[in-house]
Structures are given as C-alpha cells and as structure tokens.
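Q: any chance you can model this:
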Amino acid sequence: MRTAFNSSANTTPSPSHHFHTSESSTPFSQENMEIAKLLITKWDLHGSDLCKIDSLFTGDRKEAKAFIKTVKDLQTMMNSLASDPSKSHLLISAQDLMQIAMKRLQKEFYQILTKNRAVLDPESVSNRSSSSRASTRSSLSDIEELSDEDSPVAGNSISEEEKMSENAMTDLRLIADCMNSTGYSKECLKIYKIMRKSIVDKALYHLGVENLNISQVQKMDWDAIEQHIKIWLKAVKIAVQTIFNGERFLCDTVFFSAPLIAESSFAEVCRESAMNLFIFPEHVVKYKKLSPEKIFRLLDMYDSIHNLWPEINFIFSIKSVSIVKSQCETSVTRLREAIRLMLGEFEAAIQKDMLKSVVTGGGVHPLTRYVMNYLVFLSDYSGSLTEIISDWKRSIQPPLPTTYVSSLSPTADQVSGLSVWLGWVVLMLFCKLDAKAELYKDVSLSYLFLANNINYVVSKVKASCLKLLLGDLWVVKHEEKVNQYIGNYERIGWSKVFSSIQEIKQIGCFKGFNTAFEETYRRQAEWVVPDLKLREAVKVSLARKLVPTYQEVYDKYNGGGRGEEAVVRYAPDDLRNRLLELLVGSGATGSTSAASHDRGEGSN
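A: Have a look, this model is predicted:
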C-alpha cells in the first residue's frame, strides 16, 4: 500500500518502480520486446492526431485486451532485465515504453470516467449494486479469460444503459488492475478521486446539503434550523442508499484486485461529505434554545439514522472510513441524550403547572390538550422511544401504584419502560386535574370537568398508538371512571329536580318543580361537554331518569283545568327539548391550548 501511494510521478521512474509480479510469464527476448513496442507506440499520445482522439476501449475491445496483456508482458520482461546489469540499456528502453503505455491508460481511464458520467452516476450504480454486487465481483475476477460474447453483460435481458454501465466498470477495472500491477496506482487513483469526488459533492449539493459548522447553527433561529432538518431528512436517505452505496460498489468493482486501494479510494471520495452529513444532528442537539416541543425533529433524525444503520454499518465498515461510522454513533448518542433531557423537561413542565384559573363551563383544560397531543405525537415514535427509555436512569419518577401498573398490561412484568413512562405522565396529568377540579365552587361542575378531561384523554388514547402502549384494560378502567364522574354530576347537579318530582302530590306542587328545574337549567346554561358522543350520552341518560318519572306525575295531576297552565309550565316533551339545549356552552369550550406542537392539534 505504501509503495502504491508513494510511487514517483516523474517521467523517468527508477527500475524498482516497476518491480511487481505479473500474471504473465512472457520471457524476455528481442522479438517480444519489438512486439510490445509496435503495439504500445501505436497508441502513443505523442503520435498521430487520430491516436490522440481515438480510444482503445471501443467496439469489441480486442485491441484494448491485447494492449493490457502486452503491458503486463512488458512488466515481466522488465523484471527479468533488472537482474542482468549487462542489459540495462534494454531496461531503459522498456521503461520508456511503459511510460508511453501508462500515459495512454491514464487518458483512457479519464475518458471512460468522463464519457460515462450518466451511466456511472450514483443512482445508476447503486441500482446495479443491489442486485449484482456479488455476481459482478465474481465475474470480474475472471474477466480477462472472457470473450466479448461471454462477457457478464452479453446476452442478459438488461437495458442499453445498464449494459453501458457494466462495460464502463469492466473497462475501468481492467485499466486499474493493469496500472496497479505495474506500480502506477497513484496516477490511476489521482484521476479517479478527482472525478468521483466532484460527482458526490455535486449530488449532495443538489440535495440541499450545506457544510454548516456549530457556530452557524447556533446563530440560526429554530425555523431556519427546522428547514435544514427537513432537507437533511430527505437527503440522508438518498445519500446512504444511493450516493455512498453506489460509490462503495463502484470502488469495489474498479479496484477489485486491490482491496486496500479500493478502501482508500472510497475514503477519499466520500469521507469528507459523509462526515459533514452525519455531524449535523450533533450540531442541532447543541442548540441552546431546545424545548420539549422541538423533540419531534430530533426523533425524526434519530429514526433516520436508526433505520439506515444496517446500510451505514456495511458501507462504512472498512477502516479508512470507520470515522464516519463513529460519527453516526456519536450523533445517535447525542440525540438520545437530548431527547431524554427534553422528556424530562416535559415532565417538569406538567409538575410545575400551577395555573389557578378554571375553564368556564367545565370543558377540556389547556393542560390536558397540550399533554395529550404531545403524547399522541410521541407514540408515533414508540419503536425509537422504547430503546431510548430502556436504560434511562432518572430520579423524578416515583414508583407507580401497583394497581395502576397492572392496568397497563395483564401482568406487570410485561409492561415496557415506555408504557410505564406514559402511564406516569398521564397519572401526573390526572393529579393536576384533580387539583383544578377543586377550584370549582359547584361540586357537580367539578365532576363534569373531570369527566370531560378524562374522556378527552381516553379518546386520544383510543385514536392513536397510545392504545397499544397503555392497553385495553387501561382504556376500560378509565372509561368506567368517566361514567362514574358523569353519574356524580347527574346525581348532585340534578338532585333538587329529582327530589321535587317526588314531592309532587297535587297540582300546586308543580311550582316547586318549576323552580328547581329553572334554577338548575339556568346554572348549567354555560356548562359544556365538548365531545359530541359523550354529550348525547349524558342527555339521553338525564332524559331517561327525568322524563318518564315526570310523565307519570304529569299524567296523574295535570287535570287541564282553568289556571293550571300557570302552575304546570312544562309538558314532558318540553323537558326533553330543554335538555337537548344543555351542555353546548356559550363560547366556553375551554379549547385554547397553552402550548401546542407545530404539527397542529387534533379536531377534538
């Protein structure tokens, strides 16, 4: 390897520059030297004008294969001459021929790379690599024994573009193998690196990837950073699966006979761009103004690297680019740490909520909306979060009640760390809601408030991935809790109305009912049940408990005599209709969120 990269680039290399073992066994003779001279000088770049513009690698490539074989034969003869001082003049002549041959091969190598840009672009090459990496490498090992009719691409059902791509890679490999075996790998590599690096850099530039340092990121506002994250998320997948994958395959193919050179070439072409790409998440997590609401973009980046890791691990497995894999691991570690920190800040924000104002009408509290929308979005990342939380050591969370943990899963030992954490957050929310319910002077309204908020929580759980994480048993238990609170609201909030019906023993007793119903109705005029399904269920429940009982006394004591209309103000249908007007509120739905994530909230 050291010899390959430190060979002299001057026009008259020392004899040792060429002392490599050749597969050819052609012995030295004046006749063989003349044969080599005829073919090599035919393609001398300083020869005819036609020779300067023509190419060896056209048509059936028989001339190219003959040229390659002649160069290797010349190398064998040079090895033989080097051991005989009396033939030093012949060795110098052979060296001159080798110089002519190498300049021609350098030009051919450059031309193939240039003319075949379209079929050797990262996307085309990566598409070939996915299906033919093993077969191509296998076939290339014996390529010199093949005729054109038996080549890897001949006779296969592939497109013309794919055939051109295969031919170009085969030609490049033949030249690279020849130049390496004769000690001219440095000249070959120089051309390859310059050409391919420009293609990689241009491809990433068109994807919108910028070389941003930590200082530049810190000076941006979050909107600008988020735009860069969105670009990065699209670019990283294409970069790994197409650009870097294609370049790795191309390097392995072209430098098949020299794996160390293939590794070095890939490193020179892709290492800098890959490092720039994968260090970006590390810059983002060092942003000084991160808040819990920004966690989702970090999770997106974490997911991207996590999902691409098998390909990253393969592409950058070689030692010369191991630093890229290390940077990926560092970025993942930093993302994991930042995500944990933001989850902890989210917990702390719930615990620190000391808002004393109440939601008019007992609707859904802003804290409830904020917490649940946040958790719903988090549940979309359950796979990553399960891994992130698995070994998270923190002191903020006390042990959950055994009965509460058991509701998360049939048996406590089946509950994942993520499920326990989610259960803990929801339990914190419920504790806050209990405290806020106590702020209502009307006890029945406090129960309605709790029913609305717990119902909101349950609805969000049922409509998202949270249901899989918290479990059916948890949902059932909290649906029962909603029904229990609604029952308390009905029993306490309508107690005077129910008791006044029981007191109707004669026509005059309807006055007491009228007063109790109107006071209750007026007091609850601004109360609200935002959820349509729950609201209808409450109205049906009230109607079933109130209207039939009232119908019975109405039929028994309402004689329809003079003046009775003033006493009996409501027919049973009137009560039913008035109940339908309840719990819709009057501009008091409590729907304003204290803080919402930029993805928006649900319709509930």
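Q: show me the contacts for the closest residue to Asp252 other than its chain neighbours.
A: Distances taken as C-beta to C-beta, 6 or more residues apart in numbering put Ala262 closest to Asp252, at 5.3 Å, once the chain neighbours are dropped. All C-beta spots, glycine's among them, are computed from the backbone N, C-alpha and C. Residues in contact with Ala262 (C-beta atoms under 8 Å, 6 or more residues apart in numbering) are Cys251, Asp252, Val254, Phe255, Phe256.
Q: top of the residues you listed by neighbour count?
A: Val254 (30 neighbours; other C-beta atoms under 10 Å).
Q: skipping its backbone neighbours, what lies nearest that residue in space?
A: Leu172 (4.5 Å).
Q: tell me what the host helix or strand of that neighbour is packed against?
A: Assigned by DSSP states H and E, Leu172 belongs to helix 160-181. Counting contacts by 3 or more C-beta pairs under 8 Å, 6 or more residues apart in numbering; DSSP states H and E, helix 160-181 is packed against helix 62-82, helix 88-115, helix 122-140, helix 185-206, helix 245-254.
Q: so which of these gets nearest Gly362?
A: Closest approach to Gly362 among the helices and strands packed on helix 160-181 (C-beta to C-beta): helix 185-206, 55.6 Å.
Q: name the residues of that closest one that are buried.
A: By 16 or more other C-beta atoms under 10 Å, the buried positions in helix 185-206 come out as 185-189, 191-193, 195-197, 199-201, 203-204.
Q: check contacts around the spatially most central residue of the chain.
A: Centroid-nearest residue in the chain, with C-alpha atoms, centre = their mean: Ser304, separated by 2.7 Å. Ser304 sits next to Leu233, Val236, Lys237 when contact means C-beta under 8 Å, 6+ apart.
Q: list the contacts for Asp353?
A: Applying C-beta under 8 Å, 6+ apart, the residues near Asp353 are Leu367, Lys432.
Q: ok, and what's touching stretch 188-206?
A: 4-5, 105-106, 109-110, 113-114, 117, 121-122, 175-176, 179-180, 235, 239, 243, 247, 250, 254, 261, 264-265, 268-270, 273, 277.
Q: which of these count as buried?
A: By 16+ other C-beta under 10 Å, those give 4, 105-106, 109-110, 113, 121-122, 175-176, 179-180, 235, 239, 243, 247, 250, 254, 261, 264-265, 268-270, 273, 277 as buried.
Q: mean confidence score for stretch 308-316?
A: Computed over stretch 308-316, the mean pLDDT rounds to 95.
Q: got the buried residues for it?
A: Leu308, Ile312, Ile315, Phe316.
Q: surely the second one and Ile305 touch.
A: Going back to what we said before, that points to Ile312. Yes. If you go by C-beta atoms under 8 Å, Ile312 and Ile305 touch, sitting 7.3 Å apart.
Q: any residues in contact with both of these two?
A: Cys328.
Q: export stretch 480-497 as PDB, just CAs?
A: C-alpha atoms of stretch 480-497 as PDB (Å, rounded to 0.1, in the frame of the first residue of the first chain):
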ATOM      1  CA  GLU A 480     -65.600   3.500  33.800                       C
ATOM      2  CA  LYS A 481     -64.100   6.400  35.600                       C
ATOM      3  CA  VAL A 482     -65.700   8.800  33.100                       C
ATOM      4  CA  ASN A 483     -69.100   7.100  33.600                       C
ATOM      5  CA  GLN A 484     -68.600   7.400  37.400                       C
ATOM      6  CA  TYR A 485     -67.900  11.100  37.200                       C
ATOM      7  CA  ILE A 486     -70.900  11.600  34.900                       C
ATOM      8  CA  GLY A 487     -73.100   9.700  37.400                       C
ATOM      9  CA  ASN A 488     -71.900  12.000  40.200                       C
ATOM     10  CA  TYR A 489     -72.600  15.100  38.100                       C
ATOM     11  CA  GLU A 490     -76.200  13.900  37.400                       C
ATOM     12  CA  ARG A 491     -76.800  12.900  41.000                       C
ATOM     13  CA  ILE A 492     -75.500  16.100  42.600                       C
ATOM     14  CA  GLY A 493     -76.300  18.600  39.800                       C
ATOM     15  CA  TRP A 494     -79.900  17.400  39.300                       C
ATOM     16  CA  SER A 495     -80.700  16.300  42.900                       C
ATOM     17  CA  LYS A 496     -83.200  19.100  43.500                       C
ATOM     18  CA  VAL A 497     -85.000  18.400  40.300                       C
END
